[in-house]
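Undergrad: Got a sequence here, can you build the structure:
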Amino acid sequence: MEAKDYLDYIANEIHRTIVATVDDEGLPVTAAIDMMDSDEKGLYFLTAKGKGFYDRLKKRGFLALTAMKGEDTMSSVAVSIRGKVRELGYNKIPELFEKNPYMRKIYPTEESMQALTVFQIYAGSGEWFDLSKKPIERDSFTFGGVEKKAEGYFITGTCIGCGSCAAVCPQNCIMTDSIPYVIEQAHCLHCGNCVTACPVGAVERR
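TA: Numbering: from 1, shown residues only. Below is the predicted model:
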C-alpha cells in the first residue's frame, strides 16, 4: 500500500486514535481523537479551541498517534504516525460534520460549532504493523515530502554464515541462502535477538 492508503485506513477503517502531545514541562499527554478524513495531503481532525490539547498543538506543531483495530492482540492491526500539524480553521468543519454525522450530537447548533477548528497532519512518517498475519507484516511510509529512511536491523558484510541469528529469530525472517544473510524487513519484529546472538557483531540497528 502507499501512504495515502494507510492514511485512508486510519480515517475510515479505524477512525479512533490515541494521540500524544507534549506539555510545557516536556511531559507527554495523551488524548483520544477521531481522525475524520484523509487525502493524499494528510489526515484531518478537529478540536475545540478552549482545550489544552489545542494549546499544545499550537505551541509544538507536532504529534504522535497510534490507531489499532482488532478483537484481540493476535488479530490486531496497528498504524502509528509521527508528524507535523497545522491549523486550518473553521472552513472545513461543515464537510467533516457531513462525513461524521455523530458530531451533531455533540455540537448540535451552528453557534456551538464555532468553538471548533480543524487541524491537518500534513507531513510525517508512519509504520504499519499487522499481527493477524503469519509471519507478521510490517511496513513504513512517509508523506508530505518527508524523506524515508531505512530503519530496523540489517546484516552487514562481516556475516560468517554461522546461523546463530536465524536460530533465535521468532518470525523465521532471516534468509540464509547466501552470505551475508538477509533480514526480511516486512516480517521482522525488531526484537533484537539477532544482534545478541551474532558472535562477530555483523548485525546493526539503523
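Undergrad: buried set for stretch 32-43?
TA: Of the residues in stretch 32-43, those scored as buried under the neighbour-count criterion (16 or more other Cβ atoms under 10 Å) are Ile33, Met35, Met36, Asp37, Ser38, Gly42, Leu43. Placement of C-beta: from N, CA and C, glycine included.
Undergrad: Tell me the one of those nearest Phe53?
TA: Within the buried residues of stretch 32-43, distances to Phe53 taken as Cβ to Cβ reach their minimum at Ile33, with 7.7 Å.
Undergrad: Show the average pLDDT along the longest strand along the chain.
TA: Looking only at the chain and at elements set by DSSP state E, the strand with the highest residue count is strand 116-130. What strand 116-130 shows for mean pLDDT is 97.
Undergrad: how about the helices in this structure?
TA: 3-8, 52-60, 93-99, 103-106, 110-113, 164-167, 193-197 (DSSP state H).
Undergrad: how about the CA coordinates for the last one, as PDB?
TA: As requested, C-alpha coordinates have been extracted for helix 193-197 and formatted as PDB (Å, rounded to 0.1, in the frame of the first residue of the first chain):
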ATOM      1  CA  ASN A 193      17.700 -11.300  19.200                       C
ATOM      2  CA  CYS A 194      19.900 -11.400  16.100                       C
ATOM      3  CA  VAL A 195      22.200  -8.700  17.500                       C
ATOM      4  CA  THR A 196      22.600 -10.500  20.800                       C
ATOM      5  CA  ALA A 197      23.300 -13.900  19.100                       C
END
